[in-house]
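K.L.:
A structural model of the following input is requested.
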Amino acid sequence: MYIYHNTIDAVGDDAQTERKVFSACEDAVEEISALVKLLVKEFRAPEVLVTADHGFLYTAKPLSESEHAAASDVVGKVVECSRRYEVAHQGASSDVLLRAKLPGKEHLEAFFPRECVRLHMPGAGENYVHGGISLQEMCVPVVRFRNRRAGSRGYVAAADAALSSVSLPSAVANPSFNVELLQDEASSGKVLPAEYEVYVEGSSGRAVSNRARVFADIELADASRRVIKVRIDLLTSVSFDATETYRLVARNVRTGESACLGELHIHLA
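P.N.:
Numbers count the residues shown, from 1 in each chain. So this is what the prediction gives:
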């Protein structure tokens, strides 16, 4: 089954709507996501491939005169011209545009402006363009979704992002202290964002500190940027025993499950 989705191009290629292209990108992501769910649930598609035929350049501000080239910058017989390319018969040349071969069409040659430069053309609609050789225009995403059922080979269940301690004092001498927690994995794909209550509890299981709210929803791949600093305030109404072992606990607000992040002793004056 092949589905062609044209929301972005339909908006961008129209001079009256091209400024709404970023909103169209957001709409496209939501609509394609809904399509994937429909294919999987209703048609039981085992695999879905999402990609694009091209990327695009978008410039919000008007381009200066120096950011334009002219069709006449190509010397030779031009057969096709757009804001981001010209196609001419073999033997054409240009001192301004970059020349490239067209595989399978040896009798033709293509010419492209560099960077975000546009070719002068009559009419509006130069904010949104494509057809050039910039990375933004030629590099497209490829997302492969495989629908694996629970119990099948390679199946990975979705799970909430987990927390672990980076720095936890073994002994606490102040009623307030900081701990550093690590969100173990970036929040994406099968790793879902989660909300936790982080607090200290005694051997009886009773909380002896405030319940700090921690949101494990960081999408960054760099682990050093997923470190979360949390302030813990011990309750003044509790008498602490220096010989007792206390635990730093993270409780998942959605599931109610608790995990011990480490043990500590409390020695308050």
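
K.L.:
what's the helix or strand where Glu137 lies in contact with?
P.N.:
Following DSSP states H and E, one finds Glu137 within helix 135-138. By Cβ atoms under 8 Å, 6 or more residues apart in numbering, the residues outside helix 135-138 that reach it are His54, Gly55, Phe56, Leu57, Arg84, His130, Gly131. Heads up, the C-betas are built off the backbone N, CA and C, glycines and all.

K.L.:
again, 7 Å this time
P.N.:
His54, Gly55, Phe56, Leu57, His130, Gly131 (Cβ atoms under 7 Å, 6 or more residues apart in numbering).

K.L.:
Next, give phi and psi for the fourth one.
P.N.:
Spelled out, that is Leu57. Taking degrees, to the nearest 10, you get phi -110, psi 140 for the backbone angles of Leu57.

K.L.:
circling back to that earlier point, and the average pLDDT for the helix or strand just after the helix holding Glu137 is what?
P.N.:
Using DSSP H and E, the helix or strand that follows helix 135-138 in sequence is strand 143-146. Here strand 143-146 scores 90 as its mean pLDDT.

K.L.:
Note down every partner strand of strand 143-146 and its orientation.
P.N.:
The pairing partners recorded for strand 143-146 under DSSP bridges are strand 47-50 (antiparallel).

K.L.:
got the CA positions of the strand it pairs with in PDB?
P.N.:
In PDB, the C-alpha atoms belonging to strand 47-50 read as follows (Å, rounded to 0.1, in the frame of the first residue of the first chain):
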ATOM      1  CA  GLU A  47       5.900  -2.800   8.600                       C
ATOM      2  CA  VAL A  48       5.600   0.900   7.600                       C
ATOM      3  CA  LEU A  49       8.200   3.000   5.900                       C
ATOM      4  CA  VAL A  50       7.900   6.800   6.100                       C
END
